[in-house]
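In: With the input below, show me the fold.
(one chain, ligands or ions: 1)
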Amino acid sequence: MKQFPNRVVLDETHTPKSWYNMFADMPFEEGEDAFMLHPGTMQPAKPEDLYPVFAEELCRQEFTRERHIEIPKEVRDYYLSYRPSPMYRAYALEKLLDTPAHIYFKYEGQNTSGSHKLNSAIAQAYYNKKQGVKRLTTETGAGQWGTALSMACAHFGLELEVFMVKISAQQKPYRKAIIETFGADITLSPSNTTNAGRGVLENDPDNPGSLGTAISEAVERAVTSENTRYTLGSVLNQVVIHQSVIGLEAKEQLGMYDVYPDIIIGCAGGGSNFAGLMSAFMGDRLTGKAKPYFIAVEPAACPSMTRGRYAYDFCDTARVTPLAKMYTLGCGFMPSTIHAGGLRYHGMSPTLSKLYHDGFIDEARGAFQSEIFKAATIFTRAEGILPAPESAHAISAAIDEANKCKETGVAKNILFGLSGHGNFDLGAYMQYMEGNTHDYAPTDNELEKGFASLIKTNS
Ligand SMILES: *Cc1c(COP(=O)(O)O)cnc(C)c1O
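Out: Okay, here's the model as predicted:
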């Protein structure tokens, strides 16, 4: 068998021509497919209900059971400027850990936005442009989505307003600068330019902001402005579909060397990079062809899968969005200001949530900040790539699994998603090196407050 190289980079003929939709192979019970409820009527939402918010094709993708969705030529052409993304074998890390495990990682950080988010940003910008929309709105936490969408809007000539979580803008001023360099307007959230923002500021003038509030503001702006639509960089099934390009490439890259992963690990904020990485392998599992073990890793500070409820909940704090069936801490949950900003969201992708609920995702783990920065430091010294704090959650679990292999002497193939680089996160790395990283997990009482914000539905 051919020796796996340090890094597999395929040429552009290997970039997938269609996305894969896991919905096509997921088992649904009768009536269970109502992933979204209309916020006004609390009845199952239809694609048309979302037209004021999202481009029509994206509304269609939100609900479709189609297995393969063709990647439009304009989107694929753009993908070719940075895809296929490389697949690495972490030989140096394996050696350092002295493990018999084979560790692979798919790296999504090699584009200017620095993460996987560009895969969906370019698709969402394209469908909006095609429909004649002039201006997009969105929110950004850690700044990766805002950067990705600003790149996509610059490419297609769309205007963009980004509601950036205030605390993130303070922690990451360079993220704000790069978004503005790509020509987007930034509004710090909570802002006094929307009803949703003013509502939060009235109760709490020093509110540091959250993704949920920023989403409310961006949705409000889109539905109250001319020829404007909203975009979301995670959670939604349309995003999960676009991110499947990661897993399709990964399966091909490993397959060229007859490698199939035993364990697949991803960090989960809204769930999109992990859903994307797992997609092709989960397809095998759903259709009985293989049974890899899936592990989702989330911050202990925002534990939607490990400690949340599986319920219908709003996607934002102002309760203007449709309700999604997902693992959630309640839309009223106020997360602590830990650094993995991209993972500070009260809910989890409905797709990932259902896969977890139905036992197809085997395990969810919560990780503390000190653990993930420790893992990130080990990884960066071995492999020379500075991971995003979000991605470091996956690294931490991959190292734990590799250490288990050492104890048991069983050599497993471990694949994890390195969703992005941490070059804009050095403030957080500095705090870690200075010993100022805080390990925090909400108490049961704090969680109860969030759960109290869940509405009662009879479904
Ligand atoms: C946004 C982000 C995440 C979390 O979002 P998911 O939808 O869970 O993927 C993880 N890693 C990076 C680098 C991100 O930018």
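
In: So what's the predicted local confidence for the residue nearest to the spatial centre of the chain?
Out: When CA atoms, centre = their mean is applied to the chain, the residue found nearest the centroid is Ser272 (3.6 Å). Model confidence at Ser272, given as pLDDT, is 97.

In: which stretches of the stretch 1-150 of the chain have low pLDDT?
Out: Within the stretch 1-150 of the chain, the stretches with pLDDT under 70 are 1, 33-34.

In: And the helices in it?
Out: 56-63, 73-79, 91-97, 118-131, 144-156 (DSSP state H, counting those that start in this stretch).

In: likewise the stretch 351-459 of the chain?
Out: Under DSSP H, counting those that start in this stretch, the stretch 351-459 of the chain gives helices at 369-383, 389-408, 426-433, 444-451.

In: deepest of these, which one?
Out: helix 389-408 (a mean of 23; mean count of other CB atoms under 10 Å). Where you see a C-beta, it was placed from the backbone N, CA and C, and this is true even at glycine.

In: For it, name the packing helices and strands.
Out: helix 91-97, strand 102-107, strand 263-267, strand 293-299, strand 363-367, helix 369-383, strand 413-418 (3 or more CB pairs under 8 Å, 6 or more residues apart in numbering; DSSP states H and E).

In: which one of the ones you listed lies closest to Arg83?
Out: Each of these has some distance to Arg83 by CB to CB; the shortest is strand 102-107, at 11.2 Å.

In: For that closest one, list the C-alpha coordinates in CSV.
Out: Provided in CSV are the C-alpha atoms of strand 102-107 (Å, rounded to 0.1, in the frame of the first residue of the first chain):
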residue,chain,number,x,y,z
HIS,A,102,-2.9,7.3,12.7
ILE,A,103,-4.0,10.9,13.0
TYR,A,104,-5.4,12.7,9.9
PHE,A,105,-6.8,16.2,9.7
LYS,A,106,-8.6,18.2,7.0
TYR,A,107,-7.5,21.8,7.1
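
In: Quick one: distance of it to the chain centre.
Out: 18 Å (CA atoms, centre = their mean, to the nearest Å).

In: can you give me the angle that strand makes with strand 263-267?
Out: Relative orientation of strand 102-107 versus strand 263-267 (axes from the mean of the first three to the mean of the last three CA atoms, to 10 degrees): 40 degrees.

In: how many other residues sit next to Ala324?
Out: Here the number of neighbours of Ala324 (other CB atoms under 10 Å) works out to 23.

In: what is it paired to in the beta sheet?
Out: Met36, Asp313 (DSSP bridges).

In: For the stretch 101-250 of the chain, what lies in contact range of the ligand?
Out: Residues of the stretch 101-250 of the chain lying close to the ligand (CB under 6 Å from any ligand atom) are 115, 117, 144, 234.

In: how about 5 Å then?
Out: 115, 144, 234 (CB under 5 Å from any ligand atom).

In: Most neighbours of all those, which one?
Out: Among those, the one with the most neighbours (other CB under 10 Å) is Gln144, at 30 neighbours.

In: Hmm, Leu329 is touching Gly450, no?
Out: Yes. Counting by CB atoms under 8 Å, Leu329 does reach Gly450; the two are 4.4 Å apart.

In: which neighbours do those two share?
Out: Applying CB atoms under 8 Å, 6 or more residues apart in numbering, one finds that Leu329 and Gly450 are jointly contacted by 346, 442.

In: my guess is Pro27 contacts Asp358, does it?
Out: Yes. Applying CB under 8 Å, one finds Pro27 in contact with Asp358, separated by 7.1 Å.

In: These two: who's more crowded?
Out: Asp358 (14 against 9).

In: quick revisit: closest to Tyr82 out of the helices and strands packed on helix 389-408?
Out: strand 102-107 (11.2 Å).

In: Quickly run through the sheet partners of the closest one, with directions.
Out: strand 87-89 (antiparallel), strand 413-418 (parallel).

In: got the contact list for that strand?
Out: With contacts defined as CB under 8 Å, 6+ apart, strand 102-107 is touched by 4, 85-90, 93-94, 246, 249-250, 253-254, 259, 261, 277, 385, 398, 402, 411-418.

In: residues near the residue nearest to Pro16 when sequence neighbours are not counted, how many?
Out: Using CB to CB, 6 or more residues apart in numbering and skipping residues adjacent in sequence, the residue nearest Pro16 is Leu248, 4.4 Å away. Using other CB under 10 Å, the number of residues around Leu248 comes to 21.

In: Spit out the contact partners of Gln238.
Out: The neighbours of Gln238, taking CB under 8 Å, 6+ apart as the test, are 54, 58, 61-62, 120, 123-124.

In: Correction: the previous question concerned Ile361.
Out: Ile361 touches 278, 294-296, 352, 355, counting by CB under 8 Å, 6+ apart.

In: go on, Phe294?
Out: Counting by CB under 8 Å, 6+ apart, Phe294 makes contact with 263-265, 278, 281-282, 285, 355, 360-363.

In: Hmm, Thr138 and Leu160 touching each other?
Out: Yes. Taking contacts as CB under 8 Å, Leu160 lies within contact range of Thr138: 7.2 Å.

In: list the residues that contact both of these two?
Out: Residues touching both Leu160 and Thr138 (CB under 8 Å, 6+ apart) are Leu149.

In: Which one of those two is surrounded by more residues?
Out: Thr138 (29 against 22).

In: Which residue is the nearest non-sequential neighbour of that one?
Out: Computed as CB to CB, 6+ apart, the closest residue to Thr138 that is not its neighbour in sequence is Thr231, at 4.8 Å.

In: ok, now which ones touch the one you found?
Out: Thr231 touches 54, 121, 124-125, 128, 136-138, 149, counting by CB under 8 Å, 6+ apart.

In: now Arg135
Out: Contacts for Arg135 (CB under 8 Å, 6+ apart) come out as 158-161, 225, 227-229.

In: Quick check: buried residues in stretch 302-309?
Out: 302-308 (16 or more other CB atoms under 10 Å).

In: Could you list the residues in contact with that stretch?
Out: For stretch 302-309, the external contacting residues (CB under 8 Å, 6+ apart) are 268, 296, 298, 300, 326-330, 333, 335, 338, 343-348, 352-353, 356, 364-366, 441-442, 447, 451, 454.

In: Give me the buried entries from the contacts of strand 102-107.
Out: 4, 85-90, 93-94, 246, 249-250, 253-254, 259, 261, 277, 385, 398, 402, 412-418.

In: What is the neighbour count of Asp313?
Out: Neighbours of Asp313 under the rule other CB under 10 Å: 31.

In: let's number from 670 now, not from 1
Out: Let's use 670 as the start, then, which means that last one is Asp982.

In: rewinding a little: just the contacts of Arg804: which are in strands?
Out: Those of the contacts of Arg804 mapping onto strands are 828-830, 897-898, per DSSP state E.

In: Can you flag the buried ones in the residues you listed?
Out: Among the ones in strands among the contacts of Arg804, those scoring as buried are 829-830, 897-898 (criterion: 16+ other CB under 10 Å).

In: out of those residues, which one sits closest to Thr1046?
Out: Leu829 (35.0 Å).

In: wait, what's in contact with that closest one?
Out: When contacts are counted by CB under 8 Å, 6+ apart, Leu829 is found next to 804-807, 818-819, 822, 852-854.

In: Before I go, just wanted to say thanks for your time.
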